[in-house]
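> Need the 3D shape of this:
(one chain, ligands or ions: 1)
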Amino acid sequence: MALHSPKCIGVLTSGGDAQGMNAAVRAVVRTALQQGVTVYAIYEGYQGMVDGGDRIRALSWDDAGNILHRGGTVIGTARCPAFRERDGRRRAARHLLEHGIDRLVIIGGDGSLSGANEFRQEWPDLVAELLCNGEIDEPTAQRHPALMIAGLVGSIDNDMVGTDMTIGADSALHRIVEAIDAIGSTAASHQRTFVIEVMGRRCGYLPLMSAIAGGADYVLIPESPPPDGWEEHMCELLRRDRAAGRRDSIVIVAEGAQSRAGQPISADYVRQVLEERLGEDTRVTILGHVQRGGTPSAFDRGMSTLLGYVAVEEVLAATPDSEPQMIGIRHNRIQRAPLMQCVEQTRAVAQKIAAQDYAGAMALRGGSFTEMFEMFKRLAEARPSVAPPTRPRRLAIIHAGGLAPGMNPAVRAAVRLGLDRGHTLLGVRGSFQGLIDGRIEELRWGDVEGWTALGGAELGASRQIPTVEQLYAVGRALEIQRIDGLLIVGGWMAYEAAHLLYSERERYPAFKIPLICLPASIDNNLPGSELSIGADTALNVIVQALDRIKLSAMAARRCFVVEVMGRYCGYLALMSGLAGGAERVYLHEEGVTLKDLQADVEHMVASFQDGRRLYLTIRSENANPHYTTDFMCALFEEEGRNLFDVRQAVLGHIQQGGNPSPYDRILATRLAAHCIDYLTQQLERGSTESAIIGMVEGKVSILPLKQMPDLVDWPHRRPKEQWWLKLRPIMQAMAQQPEGGSN
Ligand code: ADP
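Numbers count the residues shown, from 1 in each chain. A predicted model of the protein is given here:
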């Protein structure tokens, strides 16, 4: 029988580096230390395990500090041929046993994860061999009869089946979309065409999503090669878009793009085709390693933190008989899945592509991927000019509520997809007051050109909802403009206004038209959706600001109280605390008591006495009406005496600014497409049903507008159920160093 031994965890990053790996390492280290478990970093991936010595080192709480914002992996990664050999793995086992490590968290791609599994399967034989050779003693062999592993997928390609996102993919998308935006502006100035090659040898995620977020004209991905004769079709689309007012043309090519016959399609081939057939100056940009670089996005920091936390739980709970698990994210929740099944299915995609079974490859990629590909094609093929519709329908788009980055891409997608359905699209300028004043104009294909990348709201937004006196005027405006359906893109006020119109239908028959609300609010406080457009952009803005704030504090011992937006909803505060590495987050949902503040001050003082230089707290703007940001700063300053000083940073409206993040653009486009489909369906059926749309557990959800009152906490203007509140313990685990030192 195995003797009892304290648990030890090793963590390594292997294969290609990916932004967010550091956040995962930090989470693994801090979660393990919280549980009283020693955690070792294995430097340079499997190479460090094979080499041993000082490449395997115990990490302290502070060793995992100040790495969250860094790209790449601070513990190094490598490709290690020696680990592919049994002898290399035997040495690796010996080096792990020197430290008593028999639990591993591996952060890498499918190669690294299957290597880990092979190692795990071989472990008992390796241990027996080491014993037989006298390299380990009997008690050591008995204490460590099995190796237990948990895998996290670090791969910018987002190519692993079994997780919706891999570590690094969102950051890579940020880099690509930044590049497309930059190239787009020079291309537009010269009316040029650009072909951009994007990473993705076997996976079209980055090319497809960047084509949607970057507003490209055409995309080539490995899983779904274009039909024969695609060259002419592509040129035709580009010609048509130019004629409709587009000044730049952008084609995205995956590095693994191929024809239906399996022949590679290179960016240079696409350039030649475009130059020859369109006679245009065409340039190729290969983004290459820029895509792996830079600071991780807010999403990658947050997600990797959650994954690292769960991986430690998993590997500590594992027994010699447990099946190794991969920890990933499915439907907006952290989930475990059998590791080798995920690796095998991932390899099956590559095999299907190689065997030219493209339908099979797309099926393995999943429903959302296929939906997004079809949606991109619809958007790219949407007719620039309106063909005379058989049954003319006039759909109006209006904003209400505060500004949210992503409103413009939503309008762009709605206009183009609405035109494609044969509708006339109307833009209401200046929200409901604009509607009353008749500030309504027809939006054509070219009018929304370039709106994917634009922050703000070209149509204008306002926090006013129509008053009872204005309802008649709103009704008249809808009648005069012969509006058949209304898409309301906005925040809380948009939802309240929509509900008001819906409830007043009997009194004002003009309101008997289908309405749909599309959630756009940085506060992420809207019913019927776990995420609203704008929240991801705001989160990125906050996290970048926190990075700067932290750097500014380097020279002093300082406590920062950073106030973020959200009204009564603590989403931005909690998620930025998680992604930005805050020590404490104050939320209205939890409340703030004097007792809490006292405990915080004591903790703060003790940790500065212990050598801390920075204490970062984030306060949601309405966390408590009395314990304001000013009050908290004064309290901390007074109690901190000469130990540390206190500064506040109220981030304010910069959180609403900025160009929409890739995720917000994609979400805006996806939801707008469903809204147009919804309105079209209602009109075809002669129905005046109205709805709210959103994302629930990773899927598009459409709920009847009449259900809205049941879903909300009216006084606090937020949903009754907030999924993200469950993440609070993880935030705390990352921040609260266990008593008794750093290791
Ligand atoms: P990725 O993890 O990004 O897919 P690789 O496939 O290059 O990257 O794998 C990284 C490292 O993982 C390899 O250099 C090797 O050390 C190890 N590895 C990969 N596959 C195996 C395997 N089948 N057996 C043992 N080790 C492997």
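> what sits against whichever residue of the stretch 151-300 of the chain sits closest to the ligand?
Closest approach between the stretch 151-300 of the chain and the ligand, counting by C-beta to the nearest ligand atom: Ser155, at 6.0 Å. C-beta: built from backbone N, CA, C; applies to glycine. Applying C-beta atoms under 8 Å, 6 or more residues apart in numbering, we find Ser155 in contact with Gly15, Gly16, Ala18, Gly108, Gly109, Asp110, Thr166, Ile167, Gly168, Ala169.
> model confidence over the helix or strand encompassing Arg665, on average?
Using DSSP states H and E, Arg665 sits within helix 662-685. Summarised as a single mean, pLDDT over helix 662-685 is 97.
> in it, what counts as buried?
662-680, 682-683 (16 or more other C-beta atoms under 10 Å).
> What is the subsequent helix or strand relative to that helix?
Counting by DSSP H and E, the next helix or strand C-terminal to helix 662-685 is strand 691-696.
> Tell me the strands beside the next helix or strand along the chain from that next one, with direction?
Proceeding N to C from strand 691-696, the next assigned helix or strand is strand 699-704, under DSSP H and E. Sheet pairing for strand 699-704, assigned by DSSP bridges, gives strand 691-696 (antiparallel).
> got the angle for the partner strand vs helix 662-685?
Using axes from the mean of the first three to the mean of the last three C-alpha atoms, to 10 degrees, the direction of strand 691-696 lies 140 degrees away from that of helix 662-685.
> got the CA positions of strand 691-696 in CSV?
What follows is strand 691-696 as a C-alpha-only set of coordinates in CSV (Å, rounded to 0.1, in the frame of the first residue of the first chain):
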residue,chain,number,x,y,z
ALA,A,691,-38.5,39.8,-27.9
ILE,A,692,-35.2,40.3,-26.2
ILE,A,693,-32.2,38.6,-27.6
GLY,A,694,-29.0,37.5,-25.9
MET,A,695,-26.4,34.9,-25.2
VAL,A,696,-27.2,32.3,-22.6
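> Could I get the contacting residues of the residue lying closest to Gly100 once chain neighbours are set aside?
Spatial nearest neighbour of Gly100, chain neighbours left out: Cys8 (4.7 Å); criterion: C-beta to C-beta, 6 or more residues apart in numbering. Counting by C-beta under 8 Å, 6+ apart, Cys8 touches Val37, Thr38, Val39, Tyr40, His99, Gly100, Ile101, Asp102, Arg103.
> could you redo the last one with a cut-off of 7 Å?
Val37, Thr38, Tyr40, His99, Gly100, Ile101, Arg103 (C-beta atoms under 7 Å, 6 or more residues apart in numbering).
> Could you check how far it is from Ile42?
With distances taken as C-beta to C-beta, to the nearest Å, Cys8 is found 12 Å from Ile42.
> Geometric centre of the protein: which residue is closest?
Phe299 (4.4 Å; C-alpha atoms, centre = their mean).
> before we move on, back to that, which members of the contacts of Ser155 occur in helices, if any?
The members of those that map onto helices under DSSP state H are Asp110, Ala169.
> Export the contacts of Ser155 to JSON lines and append columns for pLDDT, neighbour count and distance to the ligand.
Shown next, in JSON lines, are the contacts of Ser155 (pLDDT from 0 to 100; neighbours: other C-beta atoms under 10 Å; distance: C-beta to the nearest ligand atom, whole Å):
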{"residue": "Gly15", "pLDDT": "94", "neighbour count": "23", "distance to the ligand": "2"}
{"residue": "Gly16", "pLDDT": "94", "neighbour count": "20", "distance to the ligand": "5"}
{"residue": "Ala18", "pLDDT": "97", "neighbour count": "31", "distance to the ligand": "9"}
{"residue": "Gly108", "pLDDT": "98", "neighbour count": "28", "distance to the ligand": "4"}
{"residue": "Gly109", "pLDDT": "96", "neighbour count": "24", "distance to the ligand": "3"}
{"residue": "Asp110", "pLDDT": "94", "neighbour count": "23", "distance to the ligand": "5"}
{"residue": "Thr166", "pLDDT": "97", "neighbour count": "29", "distance to the ligand": "10"}
{"residue": "Ile167", "pLDDT": "98", "neighbour count": "35", "distance to the ligand": "11"}
{"residue": "Gly168", "pLDDT": "98", "neighbour count": "29", "distance to the ligand": "10"}
{"residue": "Ala169", "pLDDT": "98", "neighbour count": "30", "distance to the ligand": "13"}
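> Mind telling me which residue of the stretch 351-500 of the chain is nearest the ligand?
Residue of the stretch 351-500 of the chain nearest the ligand, by C-beta to the nearest ligand atom: Gln351 (15.6 Å).
> actually the stretch 51-200 of the chain, not the one I wrote
Gly111 (1.8 Å).
> Look at that residue and report its pLDDT.
On the pLDDT scale, Gly111 gets 95.
> surely it meets Gly16?
No: taking contacts as C-beta atoms under 7 Å, Gly111 lies outside contact range of Gly16: 9.3 Å.
> Just confirm Ala24 contacts Leu306, I think it does.
No: counting by C-beta under 7 Å, Leu306 is not a contact partner of Ala24; they are 9.3 Å apart.
> if you count what's nearby, which of these two comes out ahead?
When neighbours are counted by other C-beta atoms under 10 Å, Ala24 and Leu306 differ, and Ala24 comes out ahead with 30 against 21.
> any idea which helix or strand carries that one?
helix 21-34.
> That helix close to the ligand?
No: using C-beta under 6 Å from any ligand atom, helix 21-34 stays clear of the ligand, with a minimum separation of 11.2 Å.
> do stretch 203-216 as well
No: if you take C-beta under 6 Å from any ligand atom as the test, stretch 203-216 misses the ligand, and the best it gets is 12.1 Å.
> And the contacts of that stretch?
157-159, 169, 172-173, 176-177, 180-181, 198-200, 219, 221-223, 250-252, 254, 372-373, 376, 452-453, 662, 665-666, 669.
> Next step: these restricted to strands.
If you go by DSSP state E, these have Val198, Val219, Ile250, Val251, Ile252, Ala254 in strands.
> Dihedrals phi and psi, the residue nearest to the centre of the chain?
phi -60, psi -50 (degrees, to the nearest 10).
> ok, now which ones touch it?
Asp170, Asp536, Tyr663.
> ok, and which of the residues you listed reach the ligand?
Within the contacts of Phe299, nothing lies near the ligand by C-beta under 6 Å from any ligand atom.
> What is the nearest of these to Cys517?
Nearest to Cys517 out of these is Asp536 (C-beta to C-beta; 19.0 Å).
> neighbouring contacts of stretch 329-343?
With C-beta under 7 Å, 6+ apart, stretch 329-343 has contacts from 110, 113-114, 117, 151, 160-165, 303, 306-307, 310, 314, 323-328, 530, 697-699.
> Show me which positions of stretch 106-121 end up buried.
Buried residues in stretch 106-121, counted by 16+ other C-beta under 10 Å: 106-110, 112-117, 119-120.
> Can you flag which of the residues you listed belong to strands?
Secondary structure from DSSP E places Ile106, Ile107, Gly108 of the buried residues of stretch 106-121 in strands.
> Identify the residue spatially nearest to the first one, adjacent ones excluded.
Meaning Ile106. Among residues not flanking Ile106 along the chain, Ala116 sits closest, at 4.5 Å (C-beta to C-beta, 6+ apart).
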